[in-house]
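Novice: generate a structure from the sequence data that follows.
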Amino acid sequence: MKRRNLISDINVVPYIDVMLVLLVIFMISAPLMVQGIQVNLPEASSEALPVKNQEPLIVSITQEGTLFLETDSTKGKPLSLSEISDLTSKIFEASPGLQVVIRGDGEVKYEKVMTLMATLQISGASDIGLISVPISQK
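Specialist: Numbers count the residues shown, from 1 in each chain. Prediction:
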């Protein structure tokens, strides 16, 4: 009686198909993942801030003056100035020297930005920056 040998090869073609589908899904969804609240940033020609070890804390201001703190627990939730002050003071107690950047709409009142910056400084921020987009070459 003749004995059969079992073939123990793994068929990798289905795995390749799954990986290609995942690749296409991530390529399509990556541009849709915009960080934070949609604001129209002003254009400015300036040097980029030096990169530190930690990601900076981002505070956004919409055209209407609504404030947003871009953290995992408060993402997309409008906050008052006092709530921003309370939350940021706790954050600065945990990690002093954390860099803060403000994403302000180009049409927001200057007074709102200055009030926010003063509140952040009172909360313990020592390094505050403003986010802008580079001037487009025409």
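
Novice: which pLDDT value goes with residue 44?
Specialist: For residue 44, the model assigns a pLDDT of 69.

Novice: ugh, wrong one, residue 13
Specialist: Per-residue pLDDT puts residue 13 at 88.

Novice: equivalent analysis for residue 120, please.
Specialist: 92.

Novice: from the rest of the structure, what touches the worst-scoring helix or strand of the chain on mean pLDDT?
Specialist: Using mean pLDDT, DSSP states H and E, strand 127-130 stands out as the lowest-scoring helix or strand of the chain, at a mean of 87. Residues from elsewhere that reach strand 127-130 (C-beta atoms under 8 Å, 6 or more residues apart in numbering): 49, 56, 97-102, 104, 113, 117, 120-121. (Each C-beta comes from the backbone N, C-alpha and C, glycine too.)

Novice: pairing partners for it, with directions?
Specialist: strand 99-104 (parallel) (DSSP bridges).

Novice: thinking again about what came up before, can you give me the buried ones in the least confident helix or strand of the chain?
Specialist: Within strand 127-130, the residues that count as buried by 16 or more other C-beta atoms under 10 Å are residue 128.

Novice: and that strand, how far from the chain's centre?
Specialist: Chain-centre distance of strand 127-130: 15 Å, with C-alpha atoms, centre = their mean, to the nearest Å.

Novice: cool, and stretch 66-76?
Specialist: Taking C-alpha atoms, centre = their mean, the mean C-alpha location of stretch 66-76 is offset from the chain mean by 10 Å.

Novice: and that stretch, end to end?
Specialist: For stretch 66-76, the separation between the terminal residues is 11 Å (C-alpha to C-alpha, to the nearest Å).

Novice: got it, and stretch 121-133?
Specialist: Length of stretch 121-133, first residue to last, C-alpha to C-alpha: 24 Å.
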